[in-house]
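In: this one's sequence-less:
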């Protein structure tokens with residue numbers, strides 16, 4: 001159990017510069033995700049909300065909820081680094097499905113956006129949020145002797 005908590009919360013790239021760069025990367029990525037994709041969930045176009053593709057044929061409400069959560073709530077958890085490795089998973093799933101399923105036959109220019117988000121979220125999953133994060137604070141405060 002302690003190893004799971006360590007993997008979820010602990011992240012330190014060693015040098016202050018690397019951790020600061022990861023902080024900037026995390027905040028800018030999350031802001032862009034919310035600004036470009038999250039705000040679409042609240043806007044009406046032609047009197048209707050955005051229709052999210054459903055290639056896995058999930059129940060419509062579930063599909064819409066996952067997409068909305070991924071683009072609106074998750075960015076605000078990524079920015080301060082709250083359970084980062086865990087919260088990137090739904091958004092990573094949405095972007096990977098967008099790349100490999102929804103846009104598989106589209107041009108490389110169209111596929112580029114979900115591809116870059118998928119790679120960026122994979123990076124956060126592997127590296128974690130860095131030492132400038134709530135995760136790091138929680139780990140050092142409660143799980144370090």
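Out: Perfect, thanks for sending it. Since the structure is predicted, the reported quantities are computational estimates derived from the model, not experimental observations.

In: what's the first helix or strand after the helix or strand bottoming out on mean pLDDT in the chain?
Out: For the chain, counting by mean pLDDT, DSSP states H and E, helix 2-9 ranks last in confidence among helices and strands (a mean of 82). Using DSSP states H and E, the next helix or strand after helix 2-9 towards the C-terminus is helix 16-32.

In: which residues touch that next one?
Out: 12-13, 74-76, 78-79, 81, 84, 120-121, 123-124, 127, 129-133 (C-beta atoms under 8 Å, 6 or more residues apart in numbering). Every C-beta, even on glycine, is put in place using the N, C-alpha and C of the backbone.

In: top helix in this structure by residue count?
Out: helix 108-127 (DSSP state H).

In: what mean pLDDT does whichever helix or strand comes after it get?
Out: Scanning forward in sequence from helix 108-127 by DSSP H and E, the next helix or strand is helix 134-142. Helix 134-142 carries an average pLDDT of 91.

In: list the residues that contact residue 101.
Out: 55-56.

In: my error: substitute residue 115 in the last question.
Out: residue 99.

In: one more time with 10 Å, if that's ok
Out: With contacts defined as C-beta atoms under 10 Å, 6 or more residues apart in numbering, the neighbours of residue 115 are 95-96, 98-100, 103, 108.
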